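Peer 1: coords please:
(2 chains)
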Number of protein chains: 2
Amino acid sequence: MPLFTEHASSWRDLRALPCFAPALPRLTPEFAPTENEAHRYEVVIVGAGPAGLMLHLLLARYGLTDKSLLCIDSKPGTLKSGQADGVQPRTLEVFKSLGISDEIENEACQMWEFAFWNTSDDPAKVIERRSVVPEVIPPARFPYEATIHQGRVERIMETDLLRYSQRGVLRDTKLVSLRIDESADPEFPVIAEIEINGIPKIIRTKHLVGADGAHSLVRKSVGLSLEGQSLDHIWGVVDLIVDTNFPDIRRRCAIHSHAGSVMVIPRERISTGEYITRLYVNMPGVVEPGSAGADADLKKDAKGNRSKVTLEGILKQAQDVFEPYYIRPKRDDSIDWWAAYQIGQRMCPEFIVKDSSGLGRVFIVGDACHTHSPKAGQGMNVSMMDSYNLAWKLAYHINGLIPLSSTKGSPSPLLDTYNTERHANAQQLIDFDRKFSSGFSDKVGTTESKSGLSHAEFVDLFNTGCGFTSGCGVEYVENLAVERSVAYGSSPVVSGDDFLSGILRPGRRLLNVKLKRFADGWHRDIQDDLASTGRFRVLILLSTDLLNPTGSSATALKATTNLIQQFPSSLIEQIIVHPRLSGEITWENIPSCVKEQAEMSFYNGYELEDAHRTYGVDPARGAMVVVRPDGYVGVVAALGDLARVEGFLERIIKRV
Amino acid sequence: MPLFTEHASSWRDLRALPCFAPALPRLTPEFAPTENEAHRYEVVIVGAGPAGLMLHLLLARYGLTDKSLLCIDSKPGTLKSGQADGVQPRTLEVFKSLGISDEIENEACQMWEFAFWNTSDDPAKVIERRSVVPEVIPPARFPYEATIHQGRVERIMETDLLRYSQRGVLRDTKLVSLRIDESADPEFPVIAEIEINGIPKIIRTKHLVGADGAHSLVRKSVGLSLEGQSLDHIWGVVDLIVDTNFPDIRRRCAIHSHAGSVMVIPRERISTGEYITRLYVNMPGVVEPGSAGADADLKKDAKGNRSKVTLEGILKQAQDVFEPYYIRPKRDDSIDWWAAYQIGQRMCPEFIVKDSSGLGRVFIVGDACHTHSPKAGQGMNVSMMDSYNLAWKLAYHINGLIPLSSTKGSPSPLLDTYNTERHANAQQLIDFDRKFSSGFSDKVGTTESKSGLSHAEFVDLFNTGCGFTSGCGVEYVENLAVERSVAYGSSPVVSGDDFLSGILRPGRRLLNVKLKRFADGWHRDIQDDLASTGRFRVLILLSTDLLNPTGSSATALKATTNLIQQFPSSLIEQIIVHPRLSGEITWENIPSCVKEQAEMSFYNGYELEDAHRTYGVDPARGAMVVVRPDGYVGVVAALGDLARVEGFLERIIKRV
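Peer 2: Coordinates of the predicted model:
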């Protein structure tokens, strides 16, 4: 029988809770509106779809309280009729960095393979499988694309949000009007009229973010509009439980037959134990793509054409394309959701509206600033990544973590990089989608192919597009937060140019590698040290001279430790990775700052995977890398080139 | 701008919820007590620690409703002062099979290595590290031991429980007395007096499970007692945030110095960002182990000795053992919890109390039937595994899924196997703990060593014990649910005897292997097809003749499909794994029953890992394996030997 005498601290119970992300330091005064000022906010988010929720969650985690931050949505609850279902590998990495990827990892459908079906030369077969390729080609922590109902993705974020925000999303609340007026209250120049359960109220805010979808009232209110091609083929889309003898029904498929085109998207298992399938069906009676501008008539025609689409029509057309295989709903109640849609590729010329001083006041994210077809599974992902890009910049600005600007006409150049980075990214998306979507609508590999794409060309388009569509190949253009210039007279710190496979490249996300931690032998993923807590990381890839107390590694370690202490406390973290060395490491034979400052982020970088090789760094020379709060590489420097790291950091972060 | 016309089924919202486990079929009438019978239950669980919660969660998932199932606990909430912190690899596999492992995977401390420190021959060093070995030696899905506060483990189970049980645990409710009386109401012979918030109530139940800890009132009430050695050395244990220059503080360590023995258990990171460390400190002033029986005086002495132990004394003794390194609390408030304890190795001679017909009515699980020292990190694990073993057997009995018994004197021989299997397992635990614990208390490798254990012998004890302590090497004795006899005249179906590395062995858990699913190319873990839903699985390891329509593989597939349909619907699932074949598989060139019955559990078993080789099965011959609902192998048969599979199943499951 156990005999205990025990004593527990009262605060011990807290440890039965999961961990919280630590808030960012705040150098500006705490935002504390008086009772009379309760209508004032620092940030208002309009719309709680994936983009709005992602922004709300991040800002709340960074420390903005319910007094400072308000998110409104006109709907009474999370999504009822969402269209998106694809979660890309990079999005999964981000969810993992937020600690909210588990449900998707466990319960989403994982698409590992993409099968291409075309008309067969053998008339008896009608169609045949031409090839199967991996769904995700670039190296990624999660080597698959996940599909799951958008409503679940929203619920996952909202559940986590409620750990950080008591109010959560203010539902049943719609935006009525919006304007920027600096005259009355220049600190809170964004004035919005909202209706909470039908009751009107005027609120004022420093910043407002429009995450209110393709029909964005925010966008319209600030005089922006979507530009570009507006209409496309009519597609039917249906989510159902199928009964079929088509052999690849559980793979993502592009089927091009003489009868038309279908895309198959396998979906998650549901509570009945059955699996959903999504079909995108190109509907006959094509509307020719229109051009920008006066498309009111086209729209009207289109609406008329769409209204002719019926569920029976979609299923009939799908059956024609699947011939000689049969495909039908498993039972009468097996139809989950269906729709007819036409989406062209359009985007906003600007994602930020500034005040007279040049400070960004209204930001547009997600569908509100770019629309495109759903077939490449990008919508929900790109929208959330807009917010993921904006969130830390906005928080740094509000918390006073950025230096006073020396850029003429731009009081906060870091905020401006949201537009620089995400506008270019949206343009790439639009361009890719136009090619992929029209390539897909055509009868690839048949004599009727209008675009002239052969089967091989279409597969090639998919493969080269994979870097982009997986999210893993996204590369931001050079700007304040992406420094690519090469130091004068030096030889390159990084060799290789296969950036998709991990070679360091400012503007791209840091690829995951497996490392073995020195302190405890734990096999860890480097991305787990890049948690989305708003912190910068200096990744030091040490050189082979670590055991030399006056070598470049030791010098760099001491200098970096010293540098970090010149910035706000906890804002910059170190990750230290050593290559294979000639001798054994002990805590005593390396600089003491390693144990003092980075005991739990000091790694053996060669035993599990070769970090230096993956990143293109010579172990004899080493390198320093600044990784931004969103996991993207900001700058790469030689181990001895502290000035380059310092210069980059001090352009973005205020010294203390 | 996207233009949609959409239509959604009203039940679609349900898909925004995580999946639920499907209940077991029930052949007995639904348990529906009238209002007058509201004091009657099918199962009552006393105690909601890890063992009680595991049982409650499993039975609720299997379909027992709040009317049928009651769990009471005298405490007002989850654990405040729990001692256990170790989650073993096998326990993690089980948590994964329940879909509740994520928080532990993400937030527990992972111990990957065990360092052994001893007195040094160099007097200046005092102590030195002799070796570092992996913490977990046998192959396991999770190659580490996790440490996390017991209160979190309980919270994780309770949170999930509330998805299946509206009431959850009935708190503030204690057992007052308990007896078995078949005279009044023979169907509900277990009569318990309980107090709910101090208000007494009499309840009756078919079965009662005592999960009420080492001082179990259930055990005492049914006339059982713990037997064996009762006292041991006095140990101090303290959870704290340390300040130390000891280099292995983040590894599990056994330190044996001239000054005494300490075990270091690194623990999880907490919300402050700091890491907890647990120290087990052997306190000087040893009490000699007593013997069973009249130990009242010893207990009294022991209590007196324990009361002399202070926090300062524990920290002082720890500091002496750590010399020349310093170790101290990081701050004044860095002590989380501390205790002094003495625990011998004792266990109950029986874990089941039966009625006059021989039917098990009262079951004892966890600490209530075995106690031992915490140093091997077994307590919480073995306790939960008791419940994991009992739950499906109890549910099968209650739901009428077992055949009428032909065993004389035992109306439900399946229930009896709980005692057979877990009593033998507890005995192994007790034996191991006695060796490990006393070996640990001694000054290993010093001239003062009383047990005479050398350092090498102690490390060896740890290594050989690892199969057991990891939970991965547990092997149940032969019984109704573990069939090991070899078919007459046949050559062995399985070759090899390294069962710890995966060779099939009835009575051991099926080792995880990675498989590639045929239908979609998804890389999956076979254990994910062994979800803890109470189902049996027939694992068919096909032979290389699969493409021969009259070969042994095709014949076995058809015969098994036919056999399964003779048992209650959904109760037996198939997992089908093929070896490398001479030709390509299509759905058309294999028996149609594969797609019809096992489309999503049909795997390529050689491309990712070699399943046949791991399991010791010749691909030229194949094999069939029955895996029990708890993941343990029940029987192994040749591909052609359906009778053996059938014989095994029909002894446990009723035919329909």
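Peer 1: do you know how far the residue in the stretch 351-500 of chain A that chain B sits nearest to is from residue A:343?
Peer 2: Across the stretch 351-500 of chain A, no residue is closer to chain B than residue A:371, which sits at 5.3 Å (CB to the nearest CB). Using the backbone N, CA and C atoms, a C-beta is placed for each residue, glycine as well. As for residue A:371, its distance to residue A:343 is 6 Å (criterion: CB to CB, to the nearest Å).
Peer 1: what about these two, which has more around it?
Peer 2: residue A:371 (27 against 24; other CB atoms under 10 Å in any protein chain shown).
Peer 1: got the residue ranges for the helices in chain A?
Peer 2: Taking DSSP state H, the helices of chain A run over residues A:50-62, A:89-97, A:102-107, A:150-161, A:217-221, A:296-307, A:311-322, A:379-398, A:413-441, A:455-469, A:552-564, A:592-598, A:611-615, A:642-652.
Peer 1: okay, the ones you listed in TSV with mean pLDDT and mean neighbour count next?
Peer 2: Listed next are these as TSV, based on pLDDT from 0 to 100; neighbours: other CB atoms under 10 Å in any protein chain shown:
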stretch	mean pLDDT	mean neighbour count
helix A:50-62	97	28
helix A:89-97	97	24
helix A:102-107	94	18
helix A:150-161	93	22
helix A:217-221	97	21
helix A:296-307	64	14
helix A:311-322	96	19
helix A:379-398	96	26
helix A:413-441	88	20
helix A:455-469	79	18
helix A:552-564	97	20
helix A:592-598	96	17
helix A:611-615	98	22
helix A:642-652	96	19
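Peer 1: Quick check: residues of the stretch 151-300 of chain A near chain B?
Peer 2: Neighbours of chain B within the stretch 151-300 of chain A, by CB under 8 Å from any CB of the partner chain: A:151-152, A:154-155, A:214-215, A:226, A:230-231, A:245, A:247, A:249-251, A:266, A:268-271, A:273, A:275-276, A:299.
Peer 1: let's see 6 Å
Peer 2: A:151, A:152, A:155, A:214, A:226, A:247, A:250, A:251, A:270, A:271 (CB under 6 Å from any CB of the partner chain).
Peer 1: Over to the stretch 401-550 of chain A?
Peer 2: With CB under 6 Å from any CB as the criterion, the stretch 401-550 of chain A meets chain B at residues A:519, A:520, A:521, A:522.
Peer 1: Can you select the buried ones among these for me in PyMOL?
Peer 2: Typed into PyMOL, the line below selects the buried ones among these, using 16 or more other CB atoms under 10 Å in any protein chain shown:
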select buried, chain A and resi 519+520+521+522
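Peer 1: could I get the residues of the stretch 401-550 of chain A next to chain B as TSV with pLDDT?
Peer 2: Converted to TSV, those look like this (pLDDT from 0 to 100):
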residue	pLDDT
A:519	97
A:520	97
A:521	97
A:522	97
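Peer 1: Pick out whichever of the residues of the stretch 401-550 of chain A next to chain B sits closest to residue A:172.
Peer 2: Taking CB to CB as the measure, residue A:522 is the one of these closest to residue A:172, at 46.9 Å.
Peer 1: Show the contacting residues for the closest one.
Peer 2: By CB atoms under 6 Å, 6 or more residues apart in numbering or on different chains, the residues touching residue A:522 are B:110, B:112.
Peer 1: phi, psi of it?
Peer 2: Dihedral angles of residue A:522 (phi, psi; degrees, to the nearest 10) stand at phi -60, psi 130.
Peer 1: where's it relative to residue A:402, distance?
Peer 2: Relative to residue A:402, residue A:522 is positioned 35 Å away (CB to CB).
Peer 1: Now do the end-to-end distance for stretch A:179-194.
Peer 2: For stretch A:179-194, the separation between the terminal residues is 12 Å (CA to CA, to the nearest Å).
Peer 1: Just the buried residues of it, please?
Peer 2: Those would be A:180, A:188, A:189, A:190, A:191, A:192, A:194, for stretch A:179-194 by 16+ other CB under 10 Å.
Peer 1: Quick check: which ranges of chain A have low pLDDT?
Peer 2: Under the criterion pLDDT under 70, the flagged ranges of chain A are A:1-5, A:10-17, A:79-82, A:230-232, A:285-304, A:406-409, A:441-452, A:487-489.
Peer 1: which phi and psi does residue A:248 have?
Peer 2: Dihedral angles (degrees, to the nearest 10) for residue A:248: phi -100, psi 30.
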